[in-house]
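Trainee: return atomic coordinates for the entry below.
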Amino acid sequence: MQHLFSFIFYIKRSKADKSGKANIYLRITVNGKRAELSISRKVDVEKWSSSAGKMKGSSGETQQLNKYIDSIANRIYKIHQRLVEENKLITATNIRNIYQGKNEIRKMTLEIFENHNIQMEKLVGKDYALGTSERYKIAKKHLKNYINHEYKIEDIPVTEINNKFITGFEYYLKTEKNCAHNTTIKYITNFKKVVRIAYANDWIVKDPFFNWKGILKTVEREFLDEGEIQRLIEKEFSISRLNLVKDIFVFSCFTGLAYADVKALNKDNIVIGIDGGRWIKTTRKKTKTKSNIPLLPSAETILKKYEEYSDVLNSNKLLPVLSNQKMNAYLKEIADLCEINKNLTFHLARHTFATTITLTNGVPIESVSKMLGHKSLKTTQHYAKIIDRKVSEDMATLRSKLEETNYKELKHLNQE
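Mentor: Okay, here's the model as predicted:
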């Protein structure tokens, strides 16, 4: 980014003292924004040249004052040049603060972000899930790229963060990084938390996010219908890894567990429930909420299938779960081979449990919410909306059949 930089020395003639002398000020301008300071010198207003920004004449007093002004000008030029060479933020206020020696305690945004991420990483498994930590790392990476892209510097003082910076970051994520709206909002919300840390520590005097509103758009959750689930269950692949991934995905369809929770399952999570049957009792990695799920026959079958699997026999695990990246990559292959025209990801299994397996079959939404480990029933109600849509479609089919039946009845009556 090109910077328009200039400075002048001037006096305020209207504020001259009784002896006709006025204070000399320095005004620094960068891209139209100003910062001013007094140079702690006075001059007779009649001896001041506004065009030159110096004292008129050739007396010893004049030469001494003008030499002092030149020394200040030289320092200002050097500060600006150093900022350019070090690829740091150039503002009028920043130049003035450096000249006055006030820049030592300025907190830098990416530095605060990095410290936050280091602390979060140490709390993974205690207060945070690994996925949460990874998202903050990605958010910081995007922020770093934005600062370099927009300001051509490596970092920016947190005091320089304002609404313009935030909306610019949002625009950058959507255009340069091609992030979807909800993904963009989530990254900025991560950034917002870091800025709020600065605000709480009095490193900034006001919250730049005060007027920013990040509203998530409602996303239609995809899920598999009964026919698609049956095709998956019946499909046998010649490649063992595809069968493994398919089985673990189907297991999630019948338990509602997210990837991290399936991967963390161990033999201690299987207990005998109040009904005498086997249950999964676990704590969700993401929300730390309890999740109690009766094992349905399809899920039991898969657990028994892998009891003798080497990775299960030699550990406390229940299933030999691959990495999330590999699981999702193989699910794309499985979708193609099973002719499922949906974006098959592991998380789609959780949506399938909530809709096709439970709510569609009359399981109360309160029970579904508890099994999914949702903190709020509002989260589960998103799935209920999908079911309402299915009810509407089913009723439309019924209405069509009834209309046909009524037509036949009416025709019969007319013939009589």
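Trainee: ok, the residue nearest in space to the middle of the chain to residue 164 distance?
Mentor: The chain has residue 187 as the residue nearest its centroid, 2.2 Å off, counting by CA atoms, centre = their mean. Counting by CB to CB, to the nearest Å, the gap from residue 187 to residue 164 is 18 Å. Where C-beta positions appear, they are placed from N, C-alpha and C, glycine not excepted.
Trainee: ok, residue 140 - how many residues close by?
Mentor: The local packing of residue 140 (other CB atoms under 10 Å) involves 21 other residues.
Trainee: how about residue 294?
Mentor: If we define neighbours as other CB under 10 Å, then residue 294 has 14 of them.
Trainee: residue 274 is in contact with that one, correct?
Mentor: No: the pair residue 294 / residue 274 is not scored as a contact, 9.4 Å apart, by CB atoms under 8 Å.
Trainee: hey, what's residue 280 bridged with?
Mentor: For residue 280, the beta-bridge partners are residue 270, residue 293 (DSSP bridges).
Trainee: and residue 182, what element?
Mentor: Using DSSP states H and E, residue 182 sits in helix 181-200.
Trainee: can you give me the helices in the stretch 101-250 of the chain?
Mentor: 109-122, 130-151, 163-175, 181-200, 226-234, 240-253 (DSSP state H, counting those that start in this stretch).
Trainee: so which bits of the first one are buried?
Mentor: This means helix 109-122. For helix 109-122, the neighbour count (16 or more other CB atoms under 10 Å) marks 109-110, 112-114, 116-117, 120 as buried.
Trainee: mind putting these into TSV with pLDDT and distance to residue 218?
Mentor: Below are those laid out as TSV (pLDDT from 0 to 100; distance: CB to CB, whole Å):
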residue	pLDDT	distance to residue 218
109	96	32
110	96	33
112	96	33
113	97	30
114	96	34
116	96	30
117	96	30
120	95	29
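Trainee: any idea where the strands of this structure begin and end?
Mentor: For the chain, applying DSSP state E gives strands covering 5-11, 21-30, 33-44, 48-49, 54-55, 270-272, 278-283, 290-294.
Trainee: pick the most buried one from the ones you listed.
Mentor: Highest mean neighbour count of these: strand 54-55, a mean of 21 (counted as mean count of other CB atoms under 10 Å).
Trainee: what helices or strands is that strand leaning on?
Mentor: Under the contact criterion of 3 or more CB pairs under 8 Å, 6 or more residues apart in numbering; DSSP states H and E, strand 54-55 touches strand 48-49, helix 60-85.
Trainee: quick one: contacts for residue 15?
Mentor: Going by CB atoms under 8 Å, 6 or more residues apart in numbering, residue 15 touches 22-23.
Trainee: and it, how far is that from residue 100?
Mentor: Counting by CB to CB - residue 15 and residue 100 are separated by 22 Å.
Trainee: lowest-confidence helix or strand of this protein?
Mentor: helix 377-415 (a mean of 69; mean pLDDT, DSSP states H and E).
Trainee: how near is residue 15 to residue 25?
Mentor: Taking CB to CB, one finds residue 15 at 10 Å from residue 25.
Trainee: quickly list the domain ranges of the chain.
Mentor: The record's domain parsing of the chain by automatic domain parsing lists 5-99, 109-200, 226-387.
Trainee: want to throw the strands of the chain into a markdown table with distance to residue 142 and mean pLDDT?
Mentor: Converted to a markdown table, the strands of the chain look like this (distance: least, CB to CB, whole Å; pLDDT from 0 to 100):
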| stretch | distance to residue 142 | mean pLDDT |
| --- | --- | --- |
| strand 5-11 | 29 | 96 |
| strand 21-30 | 27 | 96 |
| strand 33-44 | 27 | 94 |
| strand 48-49 | 51 | 95 |
| strand 54-55 | 49 | 95 |
| strand 270-272 | 41 | 95 |
| strand 278-283 | 31 | 94 |
| strand 290-294 | 32 | 92 |
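Trainee: so for residue 227, which of these sits nearest?
Mentor: strand 290-294 (24.1 Å; CB to CB).
Trainee: quick one: residues in contact with the closest one.
Mentor: 255-257, 261, 273, 275, 277-284, 370-373.
Trainee: from what I can see residue 259 touches residue 347, true?
Mentor: Yes: contact criterion CB under 8 Å: residue 259 and residue 347 qualify, at 7.0 Å.
Trainee: so where is the stretch 1-150 of the chain shaky, pLDDT-wise?
Mentor: Along the stretch 1-150 of the chain, segments meeting pLDDT under 70 span 1-2, 103-105.
Trainee: same thing but 50
Mentor: Nowhere does the stretch 1-150 of the chain drop to pLDDT under 50.
Trainee: pLDDT of stretch 250-267, averaged?
Mentor: Averaging pLDDT along stretch 250-267 gives 94.
Trainee: which positions in it come out as buried?
Mentor: Buried residues in stretch 250-267 (16+ other CB under 10 Å): 250-265.
Trainee: start to end distance for that stretch?
Mentor: 19 Å (CA to CA, to the nearest Å).
Trainee: same check, this time on stretch 352-372
Mentor: Rule used - CA to CA; the end-to-end distance of stretch 352-372 is 12 Å.
Trainee: pull out the buried residues from that stretch.
Mentor: Quick answer for stretch 352-372 (16+ other CB under 10 Å): 352-360, 365, 368-372.
Trainee: likewise for stretch 190-208?
Mentor: 190-192, 194-195, 197-199, 203-204, 208.
Trainee: okay if I get the residues you listed as a markdown table plus pLDDT and distance to residue 332?
Mentor: As requested, the buried residues of stretch 190-208 are exported to a markdown table (pLDDT from 0 to 100; distance: CB to CB, whole Å):
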| residue | pLDDT | distance to residue 332 |
| --- | --- | --- |
| 190 | 96 | 28 |
| 191 | 97 | 31 |
| 192 | 97 | 34 |
| 194 | 95 | 34 |
| 195 | 95 | 37 |
| 197 | 93 | 39 |
| 198 | 90 | 41 |
| 199 | 86 | 43 |
| 203 | 81 | 45 |
| 204 | 80 | 45 |
| 208 | 93 | 41 |
